[in-house]
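Participant: here is my input; please provide its structure:
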Amino acid sequence: MLRQGGRKWIKMVKRGVILAAGKGTRLYPITKTQPKEMMPVGRKPAIEYIVEELAGVGISNILIVVGQQKSSLEAYFDENVSNATASYNGACIYFVRQPQPLGTGDAIRRASAWTNDEPFVVALGDCIIWSRKSIVEEMIEVHERYGAAATVAVEVVSKRDVAKYGIVNAIGRGRIRRLSGIVEKPDPKSAPSRLAIAGRYVFSPVIYEVIDEVEKDDGKELGITDAIALLIKKKLPVYSVRLREEQIRMDIGDFEGYFKAFIRAVLSDSEHGKAVRMFVSKMLRMRNLPPAF
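Facilitator: Residues are numbered from 1 along each chain as shown. Purely as a prediction, here's the structure:
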């Protein structure tokens, strides 16, 4: 149970969905034969951090939505090979395939039968959030406290970066706010705020109904942002929880983000971090860094 203001909130969310079906084109040529979610970040692949994050807050069943040519993801979590169930706080891991990359909305819809008419968490497979206190645990508490249709994690981004994300319009002050609007990748001049979706969601089953209602143009991916916007339009409660300063989100979907995540993981390594920090400091002091090829 979770406590808030002297009251007890029974934690009902036990299922999580990780979206890992994208082609990873921004990391080509490395991801031509390897899923970006399997790219090593320090000692383990990126997706393992996300599985650990969900399992660590009591998500006992995790469904990974995979695309074509992503059998290595399934092989990695094979219990006969990795003893995965024991490794991730007893969480059971399942897979479903998205045959074509038709967007996050379509990928989430693939989980409809599996979530069993229960609320569930969604995490993007190329987004790692490092923190001592899980943002997902906070989101679940907010979702249950307010009877939300959807709860999303957000973070403040620079004005020039708002065009890269779904941007929310939030009412009130503080870390927890009700949303009055959301727009995908707006022009910085017309963006409603600098609060960007941070790769974590909690949904009630009603999300499947609105995903089905969202019209998809020919050749256009079905994104989850339009579905959330429709929830808001229907006057259903949608809330955001802003990341704390110590909750660090890192997107490994492009090379800059991947390099930063890898460096952070290595520098904090308990065995080799100190030696690597000394090596990096030495490299930074060199006036002309030699090429790595």
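Participant: please make it C-alpha for all contacts and neighbour counts, starting now.
Facilitator: Fine.
Participant: in the stretch 51-200 of the chain, which spans are strands?
Facilitator: Assigned by DSSP state E, counting those that start in this stretch, the strands in the stretch 51-200 of the chain fall at 61-66, 92-97, 120-124, 127-130, 150-156, 166-171, 176-184, 195-203.
Participant: with mean neighbour count added, can I get those in a markdown table?
Facilitator: Compiled in a markdown table, the strands of the stretch 51-200 of the chain are given as follows (neighbours: other C-alpha atoms under 10 Å):
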| stretch | mean neighbour count |
| --- | --- |
| strand 61-66 | 23 |
| strand 92-97 | 17 |
| strand 120-124 | 23 |
| strand 127-130 | 22 |
| strand 150-156 | 25 |
| strand 166-171 | 21 |
| strand 176-184 | 20 |
| strand 195-203 | 25 |
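Participant: turn those strands into JSON lines, including mean pLDDT and distance to Arg26.
Facilitator: Compiled in JSON lines, the strands of the stretch 51-200 of the chain are given as follows (pLDDT from 0 to 100; distance: least, C-alpha to C-alpha, whole Å):
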{"stretch": "strand 61-66", "mean pLDDT": "92", "distance to Arg26": "18"}
{"stretch": "strand 92-97", "mean pLDDT": "89", "distance to Arg26": "21"}
{"stretch": "strand 120-124", "mean pLDDT": "96", "distance to Arg26": "16"}
{"stretch": "strand 127-130", "mean pLDDT": "92", "distance to Arg26": "14"}
{"stretch": "strand 150-156", "mean pLDDT": "95", "distance to Arg26": "22"}
{"stretch": "strand 166-171", "mean pLDDT": "90", "distance to Arg26": "19"}
{"stretch": "strand 176-184", "mean pLDDT": "93", "distance to Arg26": "19"}
{"stretch": "strand 195-203", "mean pLDDT": "95", "distance to Arg26": "17"}
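Participant: make a markdown table out of the ones you listed and add distance to Ala75.
Facilitator: Converted to a markdown table, the strands of the stretch 51-200 of the chain look like this (distance: least, C-alpha to C-alpha, whole Å):
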| stretch | distance to Ala75 |
| --- | --- |
| strand 61-66 | 12 |
| strand 92-97 | 11 |
| strand 120-124 | 20 |
| strand 127-130 | 21 |
| strand 150-156 | 30 |
| strand 166-171 | 33 |
| strand 176-184 | 34 |
| strand 195-203 | 25 |
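Participant: separation between the closest residue to Ala148 other than its chain neighbours and Ser180?
Facilitator: Nearest non-adjacent residue to Ala148, counting by C-alpha to C-alpha, 6 or more residues apart in numbering: Pro237, 5.0 Å away. Applying C-alpha to C-alpha, to the nearest Å, the value for Pro237 to Ser180 is 9 Å.
Participant: which residues does Val96 bridge with?
Facilitator: Val65 (DSSP bridges).
Participant: residue contacts, it?
Facilitator: Val96 is in contact with Leu63, Ile64, Val65, Val66, Arg110, Ala111, counting by C-alpha atoms under 8 Å, 6 or more residues apart in numbering.
Participant: does the first one really touch Ile18, like I thought?
Facilitator: Yes: at 6.2 Å, Leu63 counts as touching Ile18 under the criterion of C-alpha atoms under 8 Å.
Participant: tell me where the model's unsure across the protein.
Facilitator: Applying pLDDT under 70 to the chain flags residues 1-11, 24, 69-70, 79-88, 216-219, 290-293.
Participant: residue ranges for the helices of this protein, please.
Facilitator: In the chain, the segments counted as helices under DSSP state H are 46-55, 71-76, 79-82, 84-87, 104-109, 135-146, 206-213, 224-233, 255-267, 273-285.
Participant: returning to what we had before: the residue nearest to Ala148: what's it in contact with?
Facilitator: By C-alpha under 8 Å, 6+ apart, the neighbours of Pro237 are Tyr146, Gly147, Ala148, Ala149, Ala150, Arg178, Leu179, Leu231.
Participant: ok, Asp126 next?
Facilitator: Asp126 sits in contact with Ala20, Lys36, Glu37, Ala46, Ile47, Asp251, Ile252, Gly253, where contact means C-alpha under 8 Å, 6+ apart.
Participant: ok, the fifth one - how many residues close by?
Facilitator: When neighbours are counted by other C-alpha atoms under 10 Å, Ile47 registers 26.
Participant: please report how far it lies from Gly223.
Facilitator: 21 Å.
Participant: re earlier: nearest to Val276, of the strands of the stretch 51-200 of the chain?
Facilitator: The minimum distance between Val276 and those falls on strand 127-130, with 20.0 Å, by C-alpha to C-alpha.
Participant: now for that closest one, which elements pack on it?
Facilitator: helix 46-55, strand 248-251 (3 or more C-alpha pairs under 8 Å, 6 or more residues apart in numbering; DSSP states H and E).
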